[in-house]
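J.: Quick one, fold the following:
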Amino acid sequence: LVGNQIAEGRDPVTIAVARDGLHFYEHWAVNYGAPEIHFPGQAKCKGFQYPGAMIYENTFYVSYSIGKEDIGFSKFPIESILSGKNP
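T.: Below you'll find the model as predicted:
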């Protein structure tokens, strides 16, 4: 599960894993510390929005909007999640 599974706000963008397919006990920050908004506008806020994710050739890819101004992209080996190590 990729998104902002936090109490409030949209920073950090997170990934949560349910090894049994039901209970999301493990989670990590994919990216954090979003920059300030450069071009103010209606419905824009500091943080990460619209995350998407895929796995290809043992690599986890995550894309997201940064403040609705830029596109962010992170990748890490799927083994880092399977092993329980921080990606």
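J.: how far does the helix or strand Gly72 falls within sit from the chain's center?
T.: For Gly72, the element it lies in under DSSP states H and E is strand 70-77. Its chain's average C-alpha position is 8 Å from that of strand 70-77, according to C-alpha atoms, centre = their mean, to the nearest Å.
J.: One more: stretch 54-70?
T.: 7 Å.
J.: Now for the spatially most central residue of the chain: which residues touch it?
T.: Taking C-alpha atoms, centre = their mean as the criterion, Val13 is the residue nearest the geometric centre of the chain, at 3.3 Å. Contacts for Val13 were tallied using C-beta atoms under 8 Å, 6 or more residues apart in numbering; they are 2-4, 29-32, 47-48, 51, 62, 64, 72. C-beta coordinates here come from the backbone N, C-alpha and C atoms, glycine included.
J.: For beta bridges, what are the partners of it?
T.: Asn31 (DSSP bridges).
J.: now the helices for this structure?
T.: With helices called from DSSP state H, the chain shows them at 79-82.
J.: tally of neighbours for Ile66?
T.: Applying other C-beta atoms under 10 Å, we find 19 residues neighbouring Ile66.
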